[in-house]
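Trainee: just coords:
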């Protein structure tokens, strides 16, 4: 199940249920949640940097593409050195 198919809350709930069913410890689950939230925040910041660059360039058509095309987004991250 992909996070984009569900709301963030639904995704987290389904993952927590799965982990508990697997017998994962609460400490492990809490660590996973912290890591997941950190990854989401980092991804949003990375995308935000790309959006700012493309807007400054006036590259609206390219911005539209990177919003829907993961391969194009990756290509532009590399082009602009966004890690």
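Mentor: It's in. Computed from a predicted model, the values in this text were never measured in an experiment. Residues are numbered from 1 along each chain as shown.

Trainee: from here on, contacts and neighbour counts on C-alpha atoms
Mentor: OK.

Trainee: Centre of the chain to the helix or strand harbouring residue 45, how far?
Mentor: Element membership of residue 45, judged by DSSP states H and E, is helix 26-57. Relative to the mean C-alpha coordinate of its chain, helix 26-57 is positioned 6 Å out (CA atoms, centre = their mean, to the nearest Å).

Trainee: Number of residues surrounding residue 83?
Mentor: By the measure other CA atoms under 10 Å, the count of residues near residue 83 is 9.

Trainee: got a pLDDT number for it?
Mentor: Per-residue pLDDT puts residue 83 at 91.

Trainee: Let me see the contact set for it.
Mentor: Shown in contact with residue 83 (CA atoms under 8 Å, 6 or more residues apart in numbering): 46, 77.

Trainee: if I look at residue 80, how far off is residue 70?
Mentor: Note on residue 80: its distance to residue 70, by CA to CA, to the nearest Å, is 15 Å.

Trainee: Equivalent analysis for residue 14, please.
Mentor: For residue 14, the distance to residue 70 (CA to CA) stands at 25 Å.

Trainee: lowest-confidence helix or strand of this structure?
Mentor: Ranking every helix and strand in the chain by mean pLDDT, DSSP states H and E puts helix 8-21 at the bottom, with a mean of 92.

Trainee: so what secondary structure elements neighbour that one?
Mentor: helix 26-57 (3 or more CA pairs under 8 Å, 6 or more residues apart in numbering; DSSP states H and E).

Trainee: Done for today, thanks.
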